[in-house]
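Asker: Need the 3D shape of this:
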Amino acid sequence: MNDFLKKIIEKTPQIILVIIILVIYFVFKQNLLLKEIQSNLKDNWSFFREQQLKEKEELKNQLALLREELIRYKAQQEGRDQMLSSILAQNQKPINNQENYLKEIDQLTSTLSANIDIKGIVKLKKNWQQAEVYETNRASAKILGKIVQGKLYFVYDKAPNWYKIEYENGQWGWVQTSLVEEL
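Answerer: As a prediction, the model looks like this:
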């Protein structure tokens with residue numbers, strides 16, 4: 001037993017040196033790991049901040065487009081109101097039977113309101129820059145025009161796999177539902 005203690009005492013400086021080296025290694029390794037974690041957190045924070053800014057900008061753009069479409073819709077509505085006024089002015093008759101006259105007005109307004117019945121709003125999906133608008137709800141129909149990315153369109157009628165939209169001011173056509181998303 002005495003020999004064993006002598007050997008340990010002789011090797012103590014070496015054992016202490018190995019222990020010190022191991023402690024320094026583990027502290028250094030832990031420091032590197034912490035720096036890596038800190039770097040990853042900074043990268044993730046930057047990424048999420050960029051995403052948040054992009055989404056905020058996209059939302060601003062969508063709101064601006066919606067505002068533009070609402071202004072256009074209001075102008076169309078005012079135009080239709082003027083059209084109704086002119087139709088009523090053209091159809092002025094002496095009021096013999098007030099009840100018949102009121103029925104005629106109801107028929108005219110229901111005809112006009114049927115033409116402006118909006119069933120929704122759509123826009124092109126992100127993976128499309130433009131899409132064709134057809135005369136009828138068939139892909140073999142005559143192509144009337146195109147719709148473009150970043151613009152909103154009012155839906156006036158729906159059919160299986162098709163929306164009837166106003167693609168230009170006062171011009172309507174059909175677009176495939178697979179190319180647009182409803183808002």
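
Asker: Run a quick neighbour tally on Trp128.
Answerer: 14 (other CB atoms under 10 Å). (C-beta placed from N, C-alpha, C; glycine too.)

Asker: actually Lys6, not the one I wrote
Answerer: Count around Lys6 with other CB under 10 Å applied: 10.

Asker: pull the longest helix from the chain.
Answerer: Criterion DSSP state H: the longest helix present in the chain is helix 2-90.

Asker: Just checking, which helix or strand of this structure averages the lowest pLDDT?
Answerer: Within the chain, no helix or strand scores below helix 98-115, which has a mean of 55 by mean pLDDT, DSSP states H and E.

Asker: Tell me the first helix or strand C-terminal of that helix.
Answerer: strand 120-124 (DSSP states H and E).

Asker: Now do the buried residues in that following strand.
Answerer: Under the neighbour-count criterion of 16 or more other CB atoms under 10 Å, strand 120-124 has Ile121, Val122, Lys123, Leu124 buried.

Asker: Check stretch 69-81 too.
Answerer: So for stretch 69-81, counting by 16+ other CB under 10 Å, buried means Glu69, Tyr73.

Asker: For that stretch, list the C-alpha coordinates in CSV.
Answerer: C-alpha atoms of stretch 69-81 as CSV (Å, rounded to 0.1, in the frame of the first residue of the first chain):
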residue,chain,number,x,y,z
GLU,A,69,-60.8,48.4,-56.2
LEU,A,70,-63.3,49.9,-53.7
ILE,A,71,-62.8,53.4,-55.3
ARG,A,72,-63.3,51.8,-58.7
TYR,A,73,-66.4,50.0,-57.5
LYS,A,74,-67.8,53.2,-56.0
ALA,A,75,-67.3,55.0,-59.3
GLN,A,76,-69.0,52.1,-61.1
GLN,A,77,-71.9,52.2,-58.6
GLU,A,78,-72.2,56.0,-59.2
GLY,A,79,-72.2,55.4,-62.9
ARG,A,80,-75.0,52.8,-62.5
ASP,A,81,-77.0,55.2,-60.3
